[in-house]
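K.L.:
okay, sequence plus prediction incoming.
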Amino acid sequence: MHDCDAPPLDLLITGGAVHDGTGSPAVTTDVGVRAGRIVHVGTVPRTVAAAARRTVDAAGLAVAPGFVDLHSHADFTVLGEAGAEACLRQGVTTLVTGNCGMSPFPARDAGPGTTGPWTALSGFAAAVDAARPGVNIAPMVGHGALRSAVLGDGRRAATEDELARMRGLLAEAAGQGVFGLSTGLIYAPGSFADTAEVVALATEAAAHGLLYATHMRDEGDHVLDALDETLAVGRASGVRVQVSHLKALGPANHGKVLPALERVAAAVREGMDVACDVYPYTASSTRLTSRLPDWAMDGGTAGLLKRLADPETRGRVLADLRDAVGRTFLPEGVIVSQVPAGAYSDRVGQSVADIARDEDVEPAEAVLRVLEAHGGEVMIVNHAMADADVDAVLRYPDTAVASDGWVLTAPGEGHPHPRNLGTFARVLGRYARERGVLGLADAVRRMTSLPASRLPLPGRGTVTVGSVADLVAFDPATVTDNATYDDPWRYATGVRHVFVAGEQALEDGVVTGVRAGRTLLRATR
């Protein structure tokens, strides 16, 4: 007896062009779901269809696995924005968090009764599940969090004892179900670690079967050196490597993604497990402090503010920042996107060059003034990449699509990067339908089976019998991103239906209020 002839289907999606997530051509057919799992892919008999508890007509739509965002920072926003409407409207059903070395665990124990940051994954996972998220959260642990928990924010090498303690915290996180270890070697305190420290932690990650995802030490003048370090870590540790948001910042570095991709491909031919991801925009978004010299961030933002209060040390910071102007620091392209309340709150959406002109100072000085006025807590959108580079990375067969976003609901505060609300729809609309950089089936693969395989996420990323029924139905003729740099608070359109574990979270483009997401944990040995 065929499984779809068993108890009635909970959900039947009929007549859609089913993309199974592998990159194979779409097949117009039906998908049957029972108890949150796909139980049938193929034409369903009339009697079975008639008995289905819920039927969704997907004629004219593409049906695909729910999209997996391999690089998200939603762990810092999900408790306040658990509905995740920005994700659902793009067809995203799973967010991989803990990227760029940043995760809300493990943290130093702040005492009983604290609600976060958390000393361990278990506390964070419990908080997420209690918030009833609209999408799934698949956590990684950040090297920066490990380092801060053990060493604080100081700019020094770890002792053998401290490294052993970091490895112990990593092993604990692995035992509780994290999917990977991430580094943010461009950010303090991760930037203070030498390669040997990273290799030691990557070796621990490999021993537990974790993925190693890295925001490399440099994405500008020394991007190829940074990639060489990344590949050396992979070779020395045996860990599986994910190069996060591969890019080349600054006009002098445009085109360097081509030799970078060649080096990645060569490493794969050697037998390494290494891949990358990308967001489909020519601007990044990060902290303004990332433009500063590494040494200036010793001791975190508190250390920076002390240095800026000292005229001599402030002059050194200014000189180092001035040297980057025109290369990786383009004042016209550095846009203030979010600041705490203060002197420059009305400058959100304006560039560093605008501020410098209005105050009749050089751009480097304007940067320091903004940082001083807001306690070092300033977010920016940084226009510094080339369209041709984005295309090249996206075309590489082992590149997954990822947002690097954190905003889950609109509208919100500030002037964020449009990738938060548009990444996946932008690839489907602009890069697949309009420009043909990717075929539609391949674009779907880069959002589904490819990112799911990197963790891995068993049972997700493909439309196959037995898989979890995280599913999306979108109109390939109209799906598009609407968020822009000037007007970022606009949801994507063209995604019609989204199901999370078989529960309908988006119906005819409208959020239903059903929140069936949860924290996903890696099966541990």
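P.N.:
Thanks, I have the structure now. Numbering: from 1, shown residues only.
K.L.:
and stretch 183-191, which residues are buried?
P.N.:
Neighbour-count burial for stretch 183-191, counted by 16 or more other CB atoms under 10 Å, picks out Thr183, Gly184, Leu185, Ile186, Tyr187, Ala188, Pro189, Gly190, Ser191. Quick note: C-beta positions are derived from backbone N, CA and C, even for glycine.
K.L.:
and of those, the nearest to Ala226?
P.N.:
Proximity of these to Ala226 (CB to CB) peaks at Leu185, which lies at 7.4 Å.
K.L.:
please verify my assumption that the closest one contacts Phe192.
P.N.:
No. Leu185 is beyond contact range of Phe192, at 9.4 Å (criterion: CB atoms under 8 Å).
K.L.:
where is the longest helix in this structure?
P.N.:
Selection of the longest helix in the chain by residue count, based on DSSP state H, yields helix 160-176.
K.L.:
next secondary structure after it?
P.N.:
Moving toward the C-terminus from helix 160-176, the next helix or strand (DSSP states H and E) is strand 180-184.
K.L.:
that next one versus helix 160-176: what angle between them?
P.N.:
In terms of direction (axes from the mean of the first three to the mean of the last three CA atoms, to 10 degrees), strand 180-184 departs from helix 160-176 by 130 degrees.
K.L.:
just give me how far the helix or strand that strand 180-184 is followed by sits from the chain centre.
P.N.:
Using DSSP H and E, the next helix or strand after strand 180-184 towards the C-terminus is helix 195-207. Remark: helix 195-207 is offset 22 Å from the chain centroid, using CA atoms, centre = their mean, to the nearest Å.
K.L.:
what does stretch 292-299 give?
P.N.:
25 Å.
K.L.:
mind checking the end-to-end distance for it?
P.N.:
Length of stretch 292-299, first residue to last, CA to CA, to the nearest Å: 14 Å.
K.L.:
now that stretch: average pLDDT?
P.N.:
Throughout stretch 292-299, pLDDT has a mean value of 93.
K.L.:
got it, and stretch 19-29?
P.N.:
Stretch 19-29 comes out at a mean pLDDT of 98.
K.L.:
kindly report the same for stretch 49-64.
P.N.:
Average pLDDT, stretch 49-64: 98.
K.L.:
any weak-confidence spans in the stretch 401-525 of the chain?
P.N.:
Scanning the stretch 401-525 of the chain for pLDDT under 70 picks out 524-525.
K.L.:
can you map out the helices along it?
P.N.:
Taking DSSP state H, counting those that start in this stretch, the helices of the stretch 401-525 of the chain run over residues 419-426, 440-447, 449-454.
K.L.:
how about the shortest one as PDB, C-alpha atoms only?
P.N.:
Written as PDB, here are the backbone C-alpha positions of helix 449-454 (Å, rounded to 0.1, in the frame of the first residue of the first chain):
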ATOM      1  CA  SER A 449      20.400  21.500  -0.300                       C
ATOM      2  CA  LEU A 450      23.800  23.200  -0.600                       C
ATOM      3  CA  PRO A 451      23.600  25.200   2.700                       C
ATOM      4  CA  ALA A 452      21.800  22.300   4.400                       C
ATOM      5  CA  SER A 453      24.600  19.900   3.400                       C
ATOM      6  CA  ARG A 454      27.300  22.200   4.900                       C
END
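K.L.:
give me the contact list for it.
P.N.:
For helix 449-454, the surrounding residues in contact (CB atoms under 8 Å, 6 or more residues apart in numbering) are 21-23, 65, 68-70, 94, 96, 211, 240, 242, 275, 277, 398, 400-402, 460-462.
K.L.:
what helix or strand is Leu227 on?
P.N.:
Applying DSSP H and E, one finds Leu227 within helix 223-237.
K.L.:
packing partners for that helix?
P.N.:
Counting contacts by 3 or more CB pairs under 8 Å, 6 or more residues apart in numbering; DSSP states H and E, helix 223-237 packs against helix 195-207, strand 211-215, strand 240-243, helix 257-270.
K.L.:
for the last one, which outside residues touch it?
P.N.:
This points to helix 257-270. With contacts defined as CB under 8 Å, 6+ apart, helix 257-270 is touched by 223-224, 227-228, 231, 234-235, 243, 246-248, 274-276, 389, 392-393, 396, 398.
K.L.:
now for Val243: which residues touch it?
P.N.:
Val243 makes contact with Thr214, Met216, Leu227, Thr230, Val264, Val274, Ala275, Cys276, Asp277, according to CB under 8 Å, 6+ apart.
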